[in-house]
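> Predicted model follows, preceded by the sequence.
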Amino acid sequence: MDGLRRWWLVALTLAAAVTAQETRTQPLGGGPAGVERLALVPLGGLEAALQPGAGLKVTFQKEGPERRLLALEATPAGDLTFAKALELSYRISGLEPQAARLAVVFHEADGGVRYKLGPAPTIGAPATSRISLAEPREALFSADASGKFETDRIARVWVGLTIDGPAAGTLEITRAVLTNEPYRPTGPLLLDLGKPEQWGISKESGVTAKITCPAEGPAGQPVYRLDFTFPATAHQWVVPSLPWRAENLEGYRALRLTYKVTAPAGPNLLLALAEPDGSTYVIDPPPAISTDWKTIEVPLAQLKLASWTKDEDSSLLLDGVAVQLGIHGQPKPPGAGSLWVAEVALVP
């Protein structure tokens with residue numbers, strides 16, 4: 001009996017060791033915090049200087065409206081395949097949050113250059129943020145023969161800020177480490193509902209549709225409004241779509257929507273996320289028709305592949321998705337309706 005109990009304990013211990021992932025970090029630069037020997041990269045369009053003294057502090061000044069990069073360079077040690085995010089502890093002054101993004105640029109040994117923008121930084125107080133390293137984009141000046149991100153061949157890494165518009169301030173980095181812990185968003189990511197002309201509209205022949213952005217939200221705020229007319233009892237549809245333009249869509253758990261709708265009897269709402277290749281994942285069963293404002297939260301894992309599309313990997317990939325906010329079905333009788341959407345958000 002004791003022998004059996006001993007083997008059971010051994011098996012339990014081994015199972016725990018396999019399932020528990022040990023956190024791994026690697027300093028980006030020198031020293032335990034990864035900020036030693038980081039060198040300021042001389043790039044055009046802004047003036048920057050390293051300040052003497054303890055720590056790593058850069059002053060910068062920029063006058064033009066264009067986007068420029070403030071970067072510090074490190075030479076990483078070894079294979080970076082393990083890394084899922086770059087974690088930065090920093091303090092920034094002199095910028096508006098919407099005018100800056102944390103950024104990392106990877107220079108591969110064969111000439112490939114890829115970059116990833118992080119979240120808008122905290123301004124005016126010490127903060128720690130992660131930049132996801134999933135699927136970085138290839139830079140226009142990249143000379144990558146392989147066509148893929150080679151994490152085992154990284155020769156140099158730049159870390160810093162993109163800055164839009166005139167600015168003058170400081171960037172202080174106290175810690176820069178690569179980690180196998182993934183990027184974790186700290187709050188909802190709201191879709192910018194944009195302007196009516198930014199939406200593409202796909203619809204059945206004969207259906208009329210118009211998008212406006214009136215101040216008709218629950219708190220009097222501007223909202224997405226789709227007005228449509230279904231002229232026949234046959235299956236009718238109108239599906240506007242808008243790309244979700246954000247650099248970091250990883251790490252979110254659910255899709256949240258606040259909406260209301262008036263419609264002829266019969267049609268259902270069609271609320272979906274569509275990948276760039278057309279693979280479309282819908283909320284199924286569709287949200288209830290409600291003439292009062294209603295907020296729903298649907299786990300992304302519960303979105304279903306639409307029957308009229310296909311996906312080779314059968315999984316929703318958020319990078320590059322477009323949001324679809326429409327309605328379809330057989331109206332009985334034909335008629336007009338409206339769909340208002342006050343908020344679309346990804347939530348952690």
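Perfect, thanks for sending it.
> Do you know the pLDDT at V177?
We have a pLDDT of 96 for V177.
> just the strands in the stretch 101-250 of the chain please.
For the stretch 101-250 of the chain, the strands defined by DSSP state E, counting those that start in this stretch cover 113-117, 127-132, 137-138, 154-164, 167-179, 189-190, 200-203, 208-212, 224-230, 236-243.
> P264: which of those strands is closest?
strand 224-230 (6.2 Å; CB to CB). All C-beta spots, glycine's among them, are computed from the backbone N, C-alpha and C.
> Output the closest one as PDB, nothing but the C-alphas.
Extracted in PDB, the C-alpha atoms of strand 224-230 (Å, rounded to 0.1, in the frame of the first residue of the first chain):
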ATOM      1  CA  TYR A 224     -23.500  54.000 -35.100                       C
ATOM      2  CA  ARG A 225     -26.900  54.000 -36.700                       C
ATOM      3  CA  LEU A 226     -27.900  51.800 -39.600                       C
ATOM      4  CA  ASP A 227     -31.300  52.600 -41.300                       C
ATOM      5  CA  PHE A 228     -32.500  50.000 -43.800                       C
ATOM      6  CA  THR A 229     -35.500  49.000 -45.800                       C
ATOM      7  CA  PHE A 230     -36.200  45.300 -46.800                       C
END
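> Show me what it is packed up against.
Where contact means 3 or more CB pairs under 8 Å, 6 or more residues apart in numbering; DSSP states H and E, strand 224-230 is packed against strand 208-212, strand 236-243, strand 322-329, strand 335-347.
> what angle separates that strand from strand 208-212?
Calculated by axes from the mean of the first three to the mean of the last three CA atoms, to 10 degrees, strand 224-230 forms an angle of 170 degrees with strand 208-212.
> re the thing from before, could you export the helices and strands packed on strand 224-230 as JSON lines, including distance to I201?
What follows is the helices and strands packed on strand 224-230, written out as JSON lines (distance: least, CB to CB, whole Å):
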{"stretch": "strand 208-212", "distance to I201": "6"}
{"stretch": "strand 236-243", "distance to I201": "5"}
{"stretch": "strand 322-329", "distance to I201": "9"}
{"stretch": "strand 335-347", "distance to I201": "12"}
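> As CSV, these with mean pLDDT would be great.
Shown next, in CSV, are the helices and strands packed on strand 224-230 (pLDDT from 0 to 100):
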stretch, mean pLDDT
strand 208-212, 97
strand 236-243, 96
strand 322-329, 97
strand 335-347, 97
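> re the thing from before, take the strands of the stretch 101-250 of the chain and lay them out in CSV including distance to L269 and mean neighbour count.
Rendered in CSV, the data for the strands of the stretch 101-250 of the chain read as follows (distance: least, CB to CB, whole Å; neighbours: other CB atoms under 10 Å):
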stretch, distance to L269, mean neighbour count
strand 113-117, 33, 20
strand 127-132, 31, 18
strand 137-138, 33, 14
strand 154-164, 36, 21
strand 167-179, 40, 19
strand 189-190, 20, 16
strand 200-203, 15, 14
strand 208-212, 14, 16
strand 224-230, 11, 22
strand 236-243, 11, 21
